[in-house]
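Trainee: I need the structure of the sequence given here:
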Amino acid sequence: MILKSFQCVFYLFLVCVLSVDSSYVKVEGEPCQLNEQIWGKCAHISRCLSSLLDLQRQTHSVICSFQNREPIVCCPDCELVNDTRTAIVSNDGAVFFRTGQKARDKCIEHLLELPSSCYTKGLEGFWDDEKQCLKYKRKANLGTSVTVGGKDAKRSHYPHMALLGYGNDRNTAQWHCGGSLISKNFVLTAAHCISDTVLGPVSFVALGILKRTDPDNLWNTYDVKRIITHPEYRSPSKYHDIALLETVQTVKFSKDVFPACLDVQGFIDLYPKREAGKPFSFEQILLNLEREQTTEDQSRATATGWGRLGKNKPLADNLQEVILQKFTDEKCSKLFPPYRLLRNGYNANWQMCYGDENQPRDTCEGDSGGPLLVRAQVSYCVHTIIGVTSYGKACGYLGDAGMYTRVYHYVPWIESVVWPGPY
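Mentor: Okay, here's the model as predicted:
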């Protein structure tokens, strides 16, 4: 995962910012003193989480000794981690661990480019007066408010949102479908959005806008280099309605342009088997919490887009957000029975349907390709895409629902395109 050459540079740099306790040459496990009040135990630097945080703060850790030229440091932590080289420290000092799951790890790595004011949800340290050592726990949740039901979205609230343009000229392009930025070069959308019947293939991706009428300086427009539809998609079928757009230029992140995470709940075992007698690691504690909160409630999700404001109504100028309820697979099967474009009817493995049984809430024409979202479990500034808006019947009818492509089923394919090769 981490190149050996990087590890060497990592350790060499650490040596430059560490201070050596010249009075003692201590081995792992021996007690050591950081200052007049604080004691610790000597530990390999790759197992001491506070040393990683010292590096970020550019403060000095105390060296007990060296082992094969690698520092043994005086560690004040109550417990040791498996390997700090799998850790990532966000701008606000929260700690996360890579797992080897590409989509999730890339989501974590993107946190390094978040604005410093953005609150993340990793581990943070606190001093345990009773045990006289540094403990770690997940940062406390913050209360958040979300606008409900077909309302204008606020600027910067959905920085992953993309509007797709068709035609040969940016100035005269027609902007129809939606999409979601997921990396510095890729936008996730629906397969049926890759081409317009009159204007041809999608040519442009606009990011960073809230309104169609935003001034030119707010439009971050990128040329489409490559269109990749899912290999099993067969137009005009409604199955496997998912695609990726690669941009020619590398996307520049900002508070208004930032990628969303992908729902990886179906493709990573965050509960690895424990060896008898071994305690839970910090990594596992954090991942357990992440999974519990990701999977515990997708009964409601937010759909966003610039589609029509209702049947026979104009396209929205301001980005719209609407909170929808998840329908049961049984209800979805009744709402979407077999027909010529859905030969076998609703498929719960590939699809999901959301709507509202009490109010006429729905996505509409022009919202296709946009995301169905839940709040990401890594940061309050980031969302997780659980679905891609695919199709529906006439929008806005009470008790009706829209169909969404279920993202986690397609994560391996997305990873193979967006992040190919070994990791």
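Trainee: For the helix or strand harbouring Ser203, name the packing helices and strands.
Mentor: Per DSSP states H and E, Ser203 falls inside strand 200-207. In terms of contacts (3 or more CB pairs under 8 Å, 6 or more residues apart in numbering; DSSP states H and E), strand 200-207 is packed against strand 161-166, strand 174-181, strand 195-196, strand 220-229, strand 243-247. Yep, even glycine has a C-beta here, placed from its N, CA and C like the rest.
Trainee: can you tell me which of those strands comes nearest to Val257?
Mentor: strand 220-229 (5.6 Å; CB to CB).
Trainee: how big is the angle separating the closest one from strand 174-181?
Mentor: 80 degrees (axes from the mean of the first three to the mean of the last three CA atoms, to 10 degrees).
Trainee: what secondary structure does Thr304 sit in?
Mentor: strand (DSSP: H, G, I helix; E, B strand; the rest coil).
Trainee: and the closest residue to it other than its chain neighbours, how far is that from Ala303?
Mentor: Once flanking residues are discounted, Thr304 sits nearest to Glu321: 5.0 Å by CB to CB, 6 or more residues apart in numbering. According to CB to CB, to the nearest Å, Glu321 stands 7 Å off from Ala303.
Trainee: okay, the two: which has more neighbours?
Mentor: Set side by side, Glu321 and Ala303 show more neighbours around Ala303, with 27 against 22, by other CB atoms under 10 Å.
Trainee: At the geometric centre of this structure, which residue do we find?
Mentor: Cys261 (1.9 Å; CA atoms, centre = their mean).
Trainee: That one: what's it in contact with?
Mentor: By CB atoms under 8 Å, 6 or more residues apart in numbering, the contact set of Cys261 is 103-104, 107, 376, 378, 382-385.
Trainee: returning to that earlier point: what's the most buried one of the helices and strands packed on strand 200-207?
Mentor: strand 161-166 (a mean of 26; mean count of other CB atoms under 10 Å).
Trainee: helices and strands around that one, which ones?
Mentor: strand 174-181, strand 186-189, strand 200-207.
Trainee: Give me the contacts around it.
Mentor: By CB under 8 Å, 6+ apart, strand 161-166 touches 173-181, 187, 189, 193, 195-196, 199-207, 209, 212, 221, 245, 304, 306, 319, 369-371.
Trainee: hmm, back to that, adding distance to Phe126, write the helices and strands packed on strand 200-207 out as CSV.
Mentor: Shown next, in CSV, are the helices and strands packed on strand 200-207 (distance: least, CB to CB, whole Å):
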stretch, distance to Phe126
strand 161-166, 37
strand 174-181, 35
strand 195-196, 54
strand 220-229, 40
strand 243-247, 42
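Trainee: Make sure I have this right: Arg56 is in a strand.
Mentor: Heads up, residue 56 is Gln, not Arg. No: read with three-state DSSP, Gln56 is helix and lies in no strand.
Trainee: Report the separation between it and Asp92.
Mentor: Relative to Asp92, and taking CB to CB, Gln56 is found at 11 Å.
Trainee: These two - which one has more neighbours?
Mentor: A direct count of neighbours by other CB under 10 Å for Gln56 and Asp92 places Asp92 higher, at 17 against 12.
Trainee: for that one, phi and psi?
Mentor: The phi and psi values for Asp92, taken as degrees, to the nearest 10, are phi -100, psi 20.
Trainee: In this structure it contacts Thr120, no?
Mentor: Yes: applying CB atoms under 8 Å, one finds Asp92 in contact with Thr120, separated by 5.6 Å.
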